[in-house]
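**Q** just coords:
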């Protein structure tokens, strides 16, 4: 039923175009100039006037020539009156579908009125005439009766100048015109339907896409909400863990210092282990807090124009004790050309570099090397192949901090995932190397917060290079 | 369906549904050939260059019954390819009856089933339950090798609700049976809801007999309906939605 679907697709009304052909009008389907062309060609072939009317009586097209006799008749008052009556009669003729009617004029001329049909419905009429029936030889007496003022000699002279045709020829002409019109109407209807279907299909596809988008947006919103809840949860739990942990660390420190009495060497050793593990746990909790702050966006970046060289030197020196223990050589290679100051939060950048360097030391076997360096580079997209370089190069300059190691390396397919929180390439490595899997996640988020980027490159012959790019000009943080 | 009491005119929309290349358009071509000159309109096809239906085919048929009642049938096909789902849904809109043209080839089993589920989904999108839609099933392409056997079809049909017909549309076999059965089922279903019999004061059986004759059927309707492999002609009752 049409009623049930109108609510779902109010804009698409295919039914009106296909089912309800009664609503279709001749003038909607046919091009007027095309109709005029058809009619003109009929007129030029047979010399008989043609008129096409819409169903409501509007004249759509005509190719008519006033006959000399008609002109004379129209100049006479009684002739004009008789002619008007006759024309009205013809106009009122409404032939049934598939039938055409002949109508004889008082002058002896004849008209044919035929319906224009489409899909069994009358959309208009076609009128052919006047013409002189082939069998008419003399001026009909009716003419002189209807128009007494007409000069019979004049009538005899002018009547034969009207085009003469056999009735069945005119029937053929009409049949021909109707079939041509039918073809035009069919093509018109088909074109109308095709365009409407195109429109409807596009609308329908668009509606589907919108539905899909809405569902995706819903899912996205839900996930974001879940993510927020998770961050809140982590923050709360971390806080709650930190309070008792601080007490544990504090009390073991006090015990170590002998505040509660002398300790045996064994007791001191146990207490030191408790403290060390407590510190490790505290570091983990602090990392979790950092991460949740970064994810919730509540961590503020306090930018100042900072020189990154001292930061790198500081990181190297603070790593020396650990690296010596592992026999890993950690060094800083000073830049060959000066590196400009960049708008960053020095504390956060120090944390980034420290995390990367610690990580590098952790995964580098004994006698390996970890090298820190810094340089100015261009951030232009290599795919762009130098287009617009003159404009973009200045804006796209970055400071690149590189942390290279000679460790076990990271395969290409793992390079995106290592920045996910709690991700470790191989869970067995946790046991071997320790760590929480939060370090790189924090690095990534801190660099992102600076509007920079971090990527991983190969270090030949083996090992990994972490490259942190920080924009030189201040661009808005995402 | 559209009712015009003043003009005593009834327009019914029948849709030929089914998987791609199952012979929906071929069914319409055959019906066009069978139909009496005065009953049939021009078959309109909106197809792509490779002869596959793009939007739909439309075959208009019209019949005059007793008391000057005019019955107009609009037979549509849908494009079968999966990607044209939105077009199928558009064409299905306002359908009064559906002929499902299935491909008898064993390899097409899954496509038949998918197209049927697609029909169900698209009807649902228009707020119509499958059980309320007059539906006949045609297993087409009976002349091809590697097809489901007739015995199997009979067995499946006897367990289903819809009347099932075997057909070879390229030869015109089974096409008329499918059409007449769909018209019969659609008519009885519409009559059950709208009481057309009383409203138009006609004898529907005689009228359908006349339509059947004008479509070139030589056998009486009852006999044509009996040619089904199985299924019943229980009218589907569908109240018009508000």
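**A** Ah, there it is. Just so it is clear, the structure is predicted and the values come from calculations on it, not from any experiment.
**Q** Flag every residue of the stretch 201-350 of chain A that's near chain B.
**A** Counting by Cβ under 8 Å from any Cβ of the partner chain, the positions of the stretch 201-350 of chain A adjacent to chain B are A:201, A:204-205, A:208. Glycine gets a C-beta too; all of them are placed from N, C-alpha and C.
**Q** quick one: the helices in chain B?
**A** Secondary structure of chain B (DSSP state H): helices at B:24-34, B:85-92, B:109-125, B:150-159, B:175-194, B:196-200, B:204-214, B:221-225.
**Q** And the last one, what does it pack against?
**A** Using 3 or more Cβ pairs under 8 Å, 6 or more residues apart in numbering or on different chains; DSSP states H and E, the elements in contact with helix B:221-225 are helix B:175-194, helix B:204-214.
**Q** I'd like the ones you listed as CSV, with mean pLDDT and distance to chain A appended.
**A** Shown next, in CSV, are the helices and strands packed on helix B:221-225 (pLDDT from 0 to 100; distance: least, Cβ to the nearest Cβ, whole Å):
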stretch, mean pLDDT, distance to chain A
helix B:175-194, 93, 9
helix B:204-214, 87, 13
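**Q** Among the ones you listed, show me which one is buried the most.
**A** Comparing the helices and strands packed on helix B:221-225 by mean neighbour count (mean count of other Cβ atoms under 10 Å in any protein chain shown), helix B:175-194 comes out on top with a mean of 23.
**Q** which residues touch residue 182?
**A** Picked chain A for this. Contacts of residue A:182 were listed using Cβ atoms under 8 Å, 6 or more residues apart in numbering or on different chains, and they are A:117-118.
**Q** nope, chain B please
**A** With Cβ under 8 Å, 6+ apart, residue B:182 has these contacts: B:14, B:97-99, B:134-136.
**Q** what does residue A:241 give?
**A** A:281, A:285.
**Q** Read off the pLDDT value for it.
**A** On pLDDT, residue A:241 comes in at 86.
**Q** Name the SS class of it, please.
**A** helix (DSSP: H, G, I helix; E, B strand; the rest coil).
**Q** Residue A:115: how many residues sit nearby?
**A** By other Cβ atoms under 10 Å in any protein chain shown, 21 other residues sit near residue A:115.
**Q** How about the one 3 residues further on?
**A** As a burial measure, residue A:118 scores 23 neighbours (other Cβ under 10 Å).
**Q** quick one: low-confidence ranges for chain B?
**A** Within chain B, the stretches with pLDDT under 70 are B:48-51, B:237-242.
**Q** longest single strand anywhere in it?
**A** strand B:53-64 (DSSP state E).
**Q** what angle separates that one from helix B:204-214?
**A** Counting by axes from the mean of the first three to the mean of the last three Cα atoms, to 10 degrees, strand B:53-64 lies at 120 degrees to helix B:204-214.
**Q** elements contacting strand B:53-64?
**A** Using 3+ Cβ pairs under 8 Å, 6+ apart, strand B:53-64 is in contact with helix A:167-256, helix B:24-34, strand B:44-47, strand B:70-77, helix B:85-92, helix B:204-214.
**Q** returning to what we had before: return the closest of the contacts of residue B:182 with respect to residue B:197.
**A** If you rank those by distance to residue B:197 using Cβ to Cβ, residue B:134 comes first, at 16.7 Å.
**Q** give me phi/psi at that closest one?
**A** With angles defined as degrees, to the nearest 10, residue B:134 sits at phi -60, psi 120.
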